[in-house]
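S.K.: 3D, please:
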Amino acid sequence: MRTATAVDRLHPRLVSARRRSRCGRHRYLAGIATTFLAAVLVAPAQAQAPDVAAPHYYPTVDIARARREADSSSQRSTSFYTPPLKFRGAPGEIGITTGTPQVYLVFWGSQWGTANPPGSVNFSNDPSHVAPRLVALLSGIGTNSELWSGVMTQYCEGVPAGTTVCPASAPHVPYPTGGPLAGVWADTGVPAPTSATPAEITNEAINAAAHFGNTTPESNRSAQYVVVSATHTHPDGFNPSGFCAWHWDNDSLGVASPYGNIAFTNLPYIPDMGESCGANFVNAGAAGLLDGVSIVEGHEYAETITDQDPGSGWLDAFGEENADKCAWLSNGNGRAQNVTFATGVFAMQSTWSNDGQACLITHPIWGVPGLPDDYVLDLSRQSNFATPGDTVTTVLRATTETGNPQPISLSASGVPPDATLTLAPDAMSSDESSTVSLETSATTPLGVYYMTLRTDGALSRTISYTVTVGTPPAPLDNGVAVSGISGPVGSDQLWQIDVPTGYSVLDFSTNDVPGDVDLYVSHGTLPTDDNFACRSIGPVGLENCFIYGPAADRWYVRLHGAAGFFNTSLQATYAKSLRLLFNGARLSDLSGTAGSQQFFWINVPWGKRRLSVRTSSKDGDVDLYVRLYRLPGPVAADCGFPKPGRRPERCSIRFPWGGTWYVGLYGRTDYSGVTLTATYAP
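M.R.: Below is the predicted model:
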């Protein structure tokens, strides 16, 4: 048996490089896993059940802090996450909550005890008084002229996929005037399962819909059900797993509903996790013991109304929702802080604002009469790539955000030499768009050109537009490494790969070689220093960009010499689905062709002593690679030293980091009858 062992977690240089990546965001799924893959990773119950999606999990404070500390040395802008939210086009037919938000609280199971007085939510087994706090929170949101809810009102549906700014004509998320709480059900007649499965939680939400008389798709269109579990229960493995709550819908979890789509939250008994789920996150002492309750439920509420059918509403390039991007911030303008509602003062987290490009705790309410006239600008492409003689275009869109539309004129500066820029039209309303065309010539010098597009009316606005004029990028093939790449400091080398429709993840990796090369990735246009879908700029050559739900488009890769570099390898890999490995369970009869790739994933909790991944093969030769957070392969892996021959392979990783580990099988030859097992030790 061949065995490759990674000792003491990870090599320091590998860890250092990983920490500098601006891409590859890691959400955490039932034991610290990535939920930006939640809608696309397949999760068979035991090894062979039907494929279903996993819920959208909210990580604990500890995990979010570890993630930020791991990235703390990165050269990033002031925002922790910079990509904007984009509308996904509502492929599940429901994008956002378009009617008045209606939240139904369900206190599940006789473990809550008895209510005193009867009919109240003062339960005998609610030691931290979670139930009254939730009722007060959801009765208070949308009162007292609070503007925490205003952040969410900028998002809409009924617009094309990829939209980042909503026009006034589109249906927006409504302001929850008077509070979103629509009903409370103490379903305490029989015990809830001690460790409820996602399917059992889903069925409880469906039962709640029936209880409240919401028995049609229309009555559930703007509804969400919060299934609250009692103390010392463990819904979906809560406590000591790495999540505080999650939201999802019945269709995505493969559970049928006779009442239409049911959006719901699995809300465990948050105080059972103490500071890991927000106790005293904002307020010290007794005043802060329930900080986590309002922060976590506020997080799930905000995500549900902006992405009601998860994956169909507003997410960024890494699958993060509006509250994910601002989770557990403890400093800066976007830090969690107290918000005053009519029902009391509650610790709340900020949520992401596209128009502010930041995590905001307050924002004007969209559609409120009397606000001043104002508009925002965005571009269909913030940057473009052209060879000399090409013409490239982008669309400048103006959107009235508040008040009335206004006439504006357009102009541009910074145009490249021997090139012509036209604006069609060059005057318009602040609710219209203009096509920006740049025609280069054979004599336009190669280089990167930073232009400024300006609009002038009652208000003036500017937006940056970058065009790179250069030689055509070289092609990349899926899963095939390009080796022997070298360059001096300041050099740029370009590649491209066409990603078809229907692929769920896209990974770009370089290997660890002498020197320092930085990785930039974008689609539709060449990435620049300022405009990119992902950037990884570590102090060594080991770089990675991991993209969730990549657009079916031409993706561009730029390798930039931060210092001189020698003999770098680059690999781009896209995959349709990744199978979930359960601890100790065996997947059998795996097969593939020479040159093929298969990927799997396993959730490893923190504190485990060893992760062991093994293969055995009946026919052919398959190579095994293992990697934390990224797709592994010949270019980059935490473990994997393949040798030719039909022999078992094993990767053994001591004291593995908690999180999602990916496993790759690469066919050296055609193979069949392969078994794969991943096991972590206590």
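S.K.: looking at this protein, which helix or strand is least sure?
M.R.: The weakest-scoring helix or strand in the chain, judged by mean pLDDT, DSSP states H and E, is helix 12-19 (a mean of 28).
S.K.: wait, isn't residue 83 in contact with residue 533?
M.R.: Yes: using C-beta atoms under 8 Å, residue 83 is in contact with residue 533, at 7.0 Å. Using the backbone N, CA and C atoms, a C-beta is placed for each residue, glycine as well.
S.K.: quick one: low-confidence ranges for this structure?
M.R.: 1-56, 66-82, 92, 240-241, 369, 530, 540, 641, 643, 645-646 (pLDDT under 70).
S.K.: picking up where we left off before, who touches both of residue 83 and residue 533?
M.R.: Residues touching both residue 83 and residue 533 (C-beta atoms under 8 Å, 6 or more residues apart in numbering): residue 317.
S.K.: what packs against whichever strand or helix holds residue 556?
M.R.: Secondary structure from DSSP states H and E places residue 556 in strand 554-575. When contacts are defined as 3 or more C-beta pairs under 8 Å, 6 or more residues apart in numbering; DSSP states H and E, strand 554-575 sits against strand 482-487, strand 492-498, strand 505-510, strand 515-523, strand 597-604.
S.K.: and it with strand 505-510, angle?
M.R.: Going by axes from the mean of the first three to the mean of the last three C-alpha atoms, to 10 degrees, strand 554-575 is angled at 100 degrees with respect to strand 505-510.
S.K.: just the helices and strands packed on strand 554-575: most buried one?
M.R.: Highest mean neighbour count among the helices and strands packed on strand 554-575 (mean count of other C-beta atoms under 10 Å): strand 505-510, with a mean of 27.
S.K.: tell me which residues are up against it.
M.R.: 37, 40, 499, 517, 519, 521, 534, 541-550, 555, 557, 559, 568-575, 578, 599, 630-631, 633, 635-636.
S.K.: so what are the domain limits for the chain?
M.R.: According to automatic domain parsing, the chain is divided into the following domains: 2-67+578-681, 86-360, 388-469, 474-575.
S.K.: can I get the ones you listed in CSV including distance to residue 380?
M.R.: What follows is the domains of the chain, written out as CSV (distance: least, C-beta to C-beta, whole Å):
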stretch, distance to residue 380
domain 2-67+578-681, 22
domain 86-360, 8
domain 388-469, 4
domain 474-575, 9
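S.K.: quick one, which of these gets closest to residue 375.
M.R.: Closest to residue 375 of the domains of the chain, according to C-beta to C-beta: domain 388-469, at 3.8 Å.
S.K.: what's the span of the closest one, first residue to last?
M.R.: In domain 388-469, first residue to last residue: 6 Å (C-alpha to C-alpha, to the nearest Å).
S.K.: helices or strands next to the helix or strand that the least confident helix or strand of the chain is followed by in the packing?
M.R.: Next helix or strand after helix 12-19 toward the C-terminus (DSSP H and E): strand 56-59. Helices and strands touching strand 56-59, by 3+ C-beta pairs under 8 Å, 6+ apart, are strand 243-249, helix 291-306.
S.K.: what strands flank strand 56-59, and is each parallel or antiparallel?
M.R.: According to DSSP bridges, strand 56-59 forms sheet pairs with strand 243-249 (antiparallel).
S.K.: buried residues, the partner strand. List them.
M.R.: Buried residues in strand 243-249, counted by 16 or more other C-beta atoms under 10 Å: 243, 244, 245, 246, 247, 248, 249.
S.K.: please apply the same query to stretch 342-355.
M.R.: By neighbour count, with 16+ other C-beta under 10 Å as the criterion, the buried positions of stretch 342-355 are 343, 346, 347, 348, 349, 350, 351, 352, 353, 354, 355.
S.K.: quick one: which of those residues sit in strands?
M.R.: Using DSSP state E, the members of those that fall in strands are 346, 347, 348, 351, 352, 353.
S.K.: okay, and the beta partners of the last one?
M.R.: The partner list for residue 353 in beta bridges (DSSP bridges) reads residue 358.
S.K.: from residue 148, how far off is it?
M.R.: Residue 353 is 12 Å from residue 148, where distance means C-beta to C-beta, to the nearest Å.
S.K.: look at stretch 146-159 and report the distance between its end residues.
M.R.: Start-to-end span of stretch 146-159 (C-alpha to C-alpha) is 28 Å.
S.K.: got the end-to-end distance for stretch 375-386?
M.R.: Terminal residues of stretch 375-386 are spaced 30 Å apart (C-alpha to C-alpha).
S.K.: an error on my part: the question was meant for stretch 463-483.
M.R.: The first and last residues of stretch 463-483 sit 38 Å apart, counting by C-alpha to C-alpha.
S.K.: what's the answer for stretch 132-147, then?
M.R.: Start to finish, the residues bounding stretch 132-147 are 23 Å apart (C-alpha to C-alpha).
S.K.: what's it in contact with?
M.R.: Here stretch 132-147 has contacts from 103, 105, 121-122, 148-149, 175-181, 184, 226, 228, 267, 290, 293-294, 297-298, 301, 339-344, 346, 362-365, using C-beta under 8 Å, 6+ apart.
S.K.: apply 6 Å and report the result again.
M.R.: If you take C-beta atoms under 6 Å, 6 or more residues apart in numbering as the criterion, stretch 132-147 is touched by 103, 105, 121, 149, 176-181, 290, 293-294, 340-344, 346, 362-363.
S.K.: could you do stretch 149-161 as well?
M.R.: Residues contacting stretch 149-161 (C-beta under 6 Å, 6+ apart): 87-90, 95-96, 142, 166, 170-173, 175-176, 302, 305-306, 314, 351, 353, 355, 360, 363-366.
S.K.: list only those of those residues flagged as buried.
M.R.: Neighbour counting over these (16+ other C-beta under 10 Å) leaves 87-88, 90, 95-96, 142, 166, 170, 172-173, 175-176, 302, 305-306, 314, 351, 353, 355, 360, 363-366 as the buried ones.
S.K.: between the helices and strands packed on strand 554-575, which gets nearest to residue 453?
M.R.: Checking those against residue 453 by C-beta to C-beta gives strand 515-523 as the closest, at 18.9 Å.
S.K.: direction included, what does that closest one pair against?
M.R.: strand 534-536 (antiparallel), strand 554-575 (antiparallel).
S.K.: quick check: angle from that strand to strand 492-498?
M.R.: Put simply, strand 515-523 runs at 40 degrees to strand 492-498, going by the same axes, to 10 degrees.
S.K.: and strand 515-523 with strand 482-487, angle?
M.R.: 110 degrees.
S.K.: what's in contact with strand 515-523?
M.R.: When contacts are defined by C-beta under 6 Å, 6+ apart, strand 515-523 is touched by residues 508, 510, 527, 532-537, 541, 543, 545, 551, 553, 555-566, 568.
S.K.: of those, grab the buried ones for ChimeraX.
M.R.: The buried subset of those, as determined by 16+ other C-beta under 10 Å, is captured in ChimeraX by this line:
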select :508,510,527,532,533,534,535,536,537,541,543,545,551,555,556,557,558,559,560,561,562,563,565,568
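S.K.: any chance you could map the strands in the stretch 551-682 of the chain?
M.R.: Secondary structure of the stretch 551-682 of the chain, counting by DSSP state E, counting those that start in this stretch: strands at 554-575, 579-580, 586-592, 597-604, 610-616, 622-628, 649-654, 659-667, 671-681.
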